[in-house]
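Participant: coords please:
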Amino acid sequence: MAETGAVQVHLVAGGKYHDIDFARLELLKLFAEEPRIRASVAPDFGDLDRLGECSLLVSYTVDLVPTPDETVAIRRWIEAGGRWLVLHGTNSILRFRDDGLVDSPTERDDVMALIGTQFIAHPPIGPFRVEVVADHPLVAGEEPFEVVDELYLQRRLADDLEVYLASRFAGEATGFVVSHWEDTEVPILYQRRQGAGRILYYALGHARGHYDLPLFTPFWTHPERCAWNYPVHYRLLRRCLAWGMGKID
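Facilitator: Next up, the predicted model:
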């Protein structure tokens, strides 16, 4: 029997230092593969009326998080059954210091505790291995893979993360205030439950175009597409959307 009824989805795509336009377009193309999705798009989390009409919130942001009041509303919406697909830098707050280092201040634990982690640093973009660390329909049939991307080193703020994909890192995150890291598991894909709703965080998906780092240069010579160059990234995003539509628990 065919599934009936539209699925209302709200996409928040905005922020800094990344090619948000590229990521927004790629996500909308994935939405278009699902005829039931009726999507709205916003540059921030302010449209809470629209959120209330939706069953799925998708966010691809960098150094742009919901305000404290918006965070309370999002938490209540999730607890009532909403699902939030949190992508890449949504868990980031970035401050560029006078000494050239990047700080990730721990000033918004309300939203980071809801997501479950906070971005702290990443080593230089390069290859790393991603392992399947749990049996779950989101990763069924996937093999370990290598990808070139930003490896998001994180601070955990919840002890109930159901981690499905992970990497490991030990070494230096050059250019960040917290630069030295002992050997640690780095979650790449995890779920956490909040009341009747769910949160799914997926860390891959860095993108940078020619004009996204005006703080340093008016023209970034070599655009970066990272995980977007790999079929596995799109497979995982499609599964994340299936999760958001309730097809995967």
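Participant: any chance you could map the strands in this structure?
Facilitator: 7-15, 37-42, 56-62, 83-87, 95-96, 102-103, 117-121, 126-132, 145-149, 153-156, 162-172, 180-194, 197-202 (DSSP state E).
Participant: May I see those organised as TSV, with mean pLDDT, distance to R50 and mean neighbour count added?
Facilitator: No exception for glycine: its C-beta is placed from N, CA and C like everyone else's. Shown next, in TSV, are these (pLDDT from 0 to 100; distance: least, C-beta to C-beta, whole Å; neighbours: other C-beta atoms under 10 Å):
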stretch	mean pLDDT	distance to R50	mean neighbour count
strand 7-15	98	5	22
strand 37-42	98	5	16
strand 56-62	99	10	25
strand 83-87	99	14	24
strand 95-96	96	30	13
strand 102-103	98	33	18
strand 117-121	98	26	23
strand 126-132	98	34	15
strand 145-149	98	31	18
strand 153-156	98	29	20
strand 162-172	98	28	17
strand 180-194	98	20	18
strand 197-202	98	17	23
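Participant: Export those as TSV, with columns for distance to H210.
Facilitator: Shown next, in TSV, are those (distance: least, C-beta to C-beta, whole Å):
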stretch	distance to H210
strand 7-15	17
strand 37-42	23
strand 56-62	17
strand 83-87	22
strand 95-96	20
strand 102-103	21
strand 117-121	24
strand 126-132	21
strand 145-149	19
strand 153-156	27
strand 162-172	28
strand 180-194	28
strand 197-202	26
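Participant: Who are the contact partners of the most centrally placed residue in the chain?
Facilitator: Central residue of the chain (C-alpha atoms, centre = their mean): L87, 1.6 Å from the mean position. Taking C-beta atoms under 8 Å, 6 or more residues apart in numbering, we find L87 in contact with A23, L27, V58, S59, Y60, Y201, Y202, G205.
Participant: Great, nothing more from me.
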